[in-house]
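Colleague: coordinates only, no sequence provided:
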């Protein structure tokens, strides 16, 4: 009855937290939409003149390049054209307009500089790579329409404006202007007030939910961190140390698995490829075992331990799980991050009677001996320990 009461209380608290969270979310959404509409209106008013100047500059650049079969190649080959364009861009720079530059996108979808209006000591060189942080930069090439990217700050709106320059109805160049706009006092006060309310509500929601659920979250996080290997998602050595004396060895056969020539994988393809192989081997083992009966542990770098449940004391039937693991790894196509195939096999040592040893460590040592015998006899095989 006590357990049922605790469960009821927990579910009741979770229900209340969900109900309150939904209510606060609806209120929060309304405030957020108000702020978005308000700021959008401010942007329309204060950016109108600047955007007009940007469009005029884009038209001027297009007129200068009129008659060219390829805008990009024309700019690259003509130093005079580059200087002319950079002069046009430099004229745009003011206290609020920080940067003005002309970009193109190469065949590998990398943005590169064609002209930069910055002073000489800050100027980007021709074809210099330009890293973008938003998919919106690529969307311009699909929509063929300008894009305004904004980052609201407390006292400023930081804006990047992308103006496409077309040729034959395709985006050929991208005129980019970075500028900031001071908010009026009233606008700033209203937006600050809205943000303070939103932040306060967020804090209340977070605290409320944390108070109700922190113990449950903490329990699962600690359990996963302590006992599960992050890379392979199987149990780790901590789990084994904690539970080896609790495991009834009469119920299991004990298996040691080692990835053959794993050092060569790291040396040839790199440690990222090695981690990928370990991850895929762990996944293959987990998909091959009986999840409710067998136990998988990552014992060392590339070595795994499997405790496979005996099937009515029939050793041969118990081995079917191990044979399935071996076969599935043989069939698996392992690839590195570049898509190159990596040949992976495993050697397996089996102790059919771990309960006859005095403890888990001794039982494992016998499986390990069988493993090393498998390696000595050519690897990629299963060896059963024999007295």
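Modeller: Happy to help now that I have it. Nothing here was measured: the structure is a model prediction, and the numbers come from that model. Residues are numbered from 1 along each chain as shown.
Colleague: the worst-scoring helix or strand of the chain on mean pLDDT: what's the following helix or strand?
Modeller: In the chain, the helix or strand scored least confidently by mean pLDDT, DSSP states H and E is helix 2-64, which has a mean of 65. Downstream of helix 2-64, the first helix or strand assigned by DSSP states H and E is helix 71-77.
Colleague: list the buried ones in that following helix?
Modeller: Neighbour-count burial for helix 71-77 flags 71, 72, 74, 75 (criterion: 16 or more other Cβ atoms under 10 Å). (Glycine included, C-beta is placed from N, CA and C.)
Colleague: isn't the third one right next to residue 80, touching?
Modeller: Meaning residue 74. No: if you go by Cβ atoms under 8 Å, residue 74 and residue 80 don't touch, sitting 10.7 Å apart.
Colleague: which one of the buried residues of helix 71-77 is nearest residue 328?
Modeller: Set against residue 328, the nearest of those by Cβ to Cβ is residue 72 (51.8 Å).
Colleague: got the confidence number for that closest one?
Modeller: Residue 72 carries a pLDDT value of 92.
Colleague: tell me the contacts of it?
Modeller: With Cβ atoms under 8 Å, 6 or more residues apart in numbering as the criterion, the residues that contact residue 72 are 104, 114, 172, 173.
Colleague: quick one: it from residue 146, how far?
Modeller: Counting by Cβ to Cβ, to the nearest Å, the gap from residue 72 to residue 146 is 20 Å.
Colleague: how about residue 378?
Modeller: Separation of residue 378 from residue 146 (Cβ to Cβ): 67 Å.
Colleague: more crowded one of those two?
Modeller: Comparing residue 378 with residue 146 by other Cβ atoms under 10 Å, the one with more neighbours is residue 146, at 16 against 9.
Colleague: chain neighbours aside, what residue packs nearest to that one?
Modeller: Excluding the flanking residues, the one nearest residue 146 by Cβ to Cβ, 6 or more residues apart in numbering is residue 163, at 5.0 Å.
Colleague: quick one: mean pLDDT over the helix or strand harbouring the one you found.
Modeller: Per DSSP H and E: residue 163 is located in strand 156-167. In this model, strand 156-167 carries a mean pLDDT of 86.
Colleague: can you tell me the strand partners of that strand and which way each runs?
Modeller: Strands flanking strand 156-167 in the sheet, each with its direction: strand 147-152 (antiparallel), strand 170-182 (antiparallel) (DSSP bridges).
Colleague: so for that strand, what gets flagged as buried?
Modeller: For strand 156-167, a neighbour-count test (16+ other Cβ under 10 Å) marks 157, 159, 160, 161, 162, 163, 164, 165, 167 as buried.
Colleague: pull the contacting residues for the last one.
Modeller: Neighbouring residues of residue 167 by Cβ under 8 Å, 6+ apart: residue 71.
Colleague: is it bridged to anything, and to what?
Modeller: Beta-bridge pairing of residue 167 under DSSP bridges involves residue 170.
Colleague: distance of it from residue 67?
Modeller: Taken as Cβ to Cβ, the span from residue 167 to residue 67 is 11 Å.
Colleague: ok, and what's touching stretch 52-70?
Modeller: Identification of contacts with stretch 52-70 by Cβ under 8 Å, 6+ apart yields 71, 74-75, 81, 84-85, 88-89, 92, 100, 102, 161, 163, 165-166, 173, 175, 177.
Colleague: oh, I was asking about stretch 293-305
Modeller: If you take Cβ under 8 Å, 6+ apart as the criterion, stretch 293-305 is touched by 229, 231-232, 234-237, 239-240, 247, 252, 254-259, 262, 278, 281-282, 285-286, 289, 306-309, 321, 364, 367.
Colleague: pull out the buried residues from those residues.
Modeller: 229, 232, 234-236, 239-240, 247, 252, 254-259, 262, 278, 281-282, 285, 289, 306-308, 321, 364, 367.
Colleague: okay, and which of the residues you listed map to strands?
Modeller: Taking DSSP state E as the definition of strands, these contribute 252, 254, 255, 256, 257, 258, 259, 306, 307, 308.
Colleague: was I right to think the first one contacts residue 311?
Modeller: When you say that, I think you mean residue 252. No: using Cβ under 8 Å, residue 252 is not in contact with residue 311; the gap is 11.0 Å.
Colleague: circling back to that earlier point, can you redo the buried residues of strand 156-167 as JSON lines with distance to residue 336?
Modeller: Output for those, formatted as JSON lines (distance: Cβ to Cβ, whole Å):
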{"residue": "157", "distance to residue 336": "45"}
{"residue": "159", "distance to residue 336": "42"}
{"residue": "160", "distance to residue 336": "37"}
{"residue": "161", "distance to residue 336": "42"}
{"residue": "162", "distance to residue 336": "37"}
{"residue": "163", "distance to residue 336": "42"}
{"residue": "164", "distance to residue 336": "39"}
{"residue": "165", "distance to residue 336": "41"}
{"residue": "167", "distance to residue 336": "41"}
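Colleague: what stretches of the stretch 251-387 of the chain score poorly on pLDDT?
Modeller: In the predicted model, the stretch 251-387 of the chain carries pLDDT under 70 at residues 312-317.
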